[in-house]
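Chemist: Next come a sequence and a model predicted from it.
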Amino acid sequence: MNELFIRGIRINWQDVDRTNWLHTVPALTSVSELSFTCPVTFLAGENGTGKSTFLEALAEAAGFNPEGGSKNYRFSTHDSGSGLAEHMQVIRGTQREKWGYFLRAESFFNVATMEEEYSRGPGGIPAHYHEQSHGESFLSLAENHLSGRGLYLLDEPEAALSVSHQLTLLAAIHDSVGGGSQFIIASHSPILLAYPGAVILSFDEGRVHPVQYEDTDSYRVMSLFMRDRERLLYNLLAEKENPD
């Protein structure tokens, strides 16, 4: 097994102001300690359960720019931080990563712009991400920054990617893991979540807990849709047409 660069986290909730909205997210407040035991960990769950907030705080506590990029990035276009990072302690492994990147679909445009700015320095090679489609540029940036012995935090990377490009990203993740990397990924994608041997932590049911792939909502809903699409759509659309 790869040496894990981040073995876990601790959150000191006693120091988080009781009026902070973080206290209204049950899955977040259920975590005072959390261990990572696998090179690839997924954070799964419905929208609003706190997985992206958790990942952003983890990235910031680990030294990354909250809006994304490498640890060398220092820019801010909108302060959306929850403040959770201030109360999160990262438990490190015995080895340090050689490289790392925090990639967020939400703020990708800003990161791609800064990539252009930073590449204009001595020895820089502009990647011209804005000259590609959104999905192509997102995949290019991901592939360009994934290498061996790296720490990578990805927030809903599937948002910009087609199904085939999600498979391409999955293969790139696998190559990077083979080189000793660690990934922590927030995702709804039944394709990415299927990564062999990954640990999936669900933020549903008001707590953070491990689940099997087949027990994720992403898999169950997609599986139902693929098996019985016509019946599911009929029932769904009939409810919309006849709400009473």
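Modeler: Thanks, I have it.
Chemist: Could you chop this protein up by domain?
Modeler: 6-211, 212-244 (automatic domain parsing).
Chemist: among the ones you listed, which is the most enclosed?
Modeler: Sort the domains of the chain by mean neighbour count, taking mean count of other CB atoms under 10 Å, and domain 6-211 sits at the top with a mean of 17. To be clear about C-beta, it is placed using only N, CA and C from the backbone, and glycine gets the same treatment.
Chemist: what's the model's confidence in it, averaged?
Modeler: Mean per-residue pLDDT for domain 6-211: 85.
Chemist: Straight-line length of that domain, end to end?
Modeler: Using CA to CA, to the nearest Å, the end-to-end distance of domain 6-211 comes out at 21 Å.
Chemist: I'd assumed Arg7 was in a helix, is it?
Modeler: No - Arg7 is assigned strand when assessed by DSSP: H, G, I helix; E, B strand; the rest coil, not a helix.
Chemist: Arg149 versus that one, what's the distance?
Modeler: Arg7 sits at a distance of 16 Å from Arg149 (criterion: CB to CB, to the nearest Å).
Chemist: can you map out the strands along this structure?
Modeler: Using DSSP state E, the strands of the chain run over 6-11, 33-35, 40-44, 88-92, 99-104, 150-155, 182-186, 199-202, 209-211.
Chemist: would you turn these into CSV with distance to Leu237?
Modeler: Output for those, formatted as CSV (distance: least, CB to CB, whole Å):
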stretch, distance to Leu237
strand 6-11, 43
strand 33-35, 40
strand 40-44, 27
strand 88-92, 44
strand 99-104, 34
strand 150-155, 32
strand 182-186, 30
strand 199-202, 29
strand 209-211, 30
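Chemist: Glu136: which of those is closest?
Modeler: strand 99-104 (14.8 Å; CB to CB).
Chemist: Residues in contact with the closest one: which ones?
Modeler: Outside strand 99-104, the residues that touch it by CB atoms under 8 Å, 6 or more residues apart in numbering are 56, 59, 62-65, 67-71, 111, 141-142, 145-147, 149-157.
Chemist: likewise stretch 46-57?
Modeler: With contact meaning CB under 8 Å, 6+ apart, stretch 46-57 is reached by 22, 25, 27-28, 31, 43-45, 66, 81-82, 84-85, 88, 104, 106, 153, 155-156, 184, 186, 203-204, 217.
Chemist: can we see that at 6 Å?
Modeler: 25, 27-28, 43, 45, 66, 82, 84-85, 88, 153, 155, 186, 203-204 (CB atoms under 6 Å, 6 or more residues apart in numbering).
Chemist: again with stretch 141-158
Modeler: Stretch 141-158 is contacted from outside by 5, 52, 55, 59, 97-105, 129, 166, 172, 176, 179-186, 189, 192, using CB under 6 Å, 6+ apart.
Chemist: May I have the distance across that stretch, first residue to last?
Modeler: 14 Å.
Chemist: cool, and stretch 174-189?
Modeler: Taking CA to CA, stretch 174-189 runs 16 Å from one end to the other.
Chemist: what about it, distance to the chain center?
Modeler: Mean C-alpha position of stretch 174-189 versus that of the full chain (CA atoms, centre = their mean, to the nearest Å) differs by 10 Å.
Chemist: same thing with stretch 216-226?
Modeler: 20 Å.
Chemist: Only C-alpha atoms, please: export it in PDB.
Modeler: Taking Å, rounded to 0.1, in the frame of the first residue of the first chain, the C-alpha atoms of stretch 216-226 are listed here in PDB:
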ATOM      1  CA  THR A 216     -24.300   4.800  -2.700                       C
ATOM      2  CA  ASP A 217     -27.200   6.800  -4.000                       C
ATOM      3  CA  SER A 218     -25.200   7.600  -7.100                       C
ATOM      4  CA  TYR A 219     -25.000   3.900  -8.000                       C
ATOM      5  CA  ARG A 220     -28.500   2.900  -6.900                       C
ATOM      6  CA  VAL A 221     -30.200   5.700  -8.800                       C
ATOM      7  CA  MET A 222     -28.200   5.300 -11.900                       C
ATOM      8  CA  SER A 223     -28.600   1.500 -11.800                       C
ATOM      9  CA  LEU A 224     -32.400   1.900 -11.400                       C
ATOM     10  CA  PHE A 225     -32.500   4.400 -14.300                       C
ATOM     11  CA  MET A 226     -30.500   2.100 -16.600                       C
END
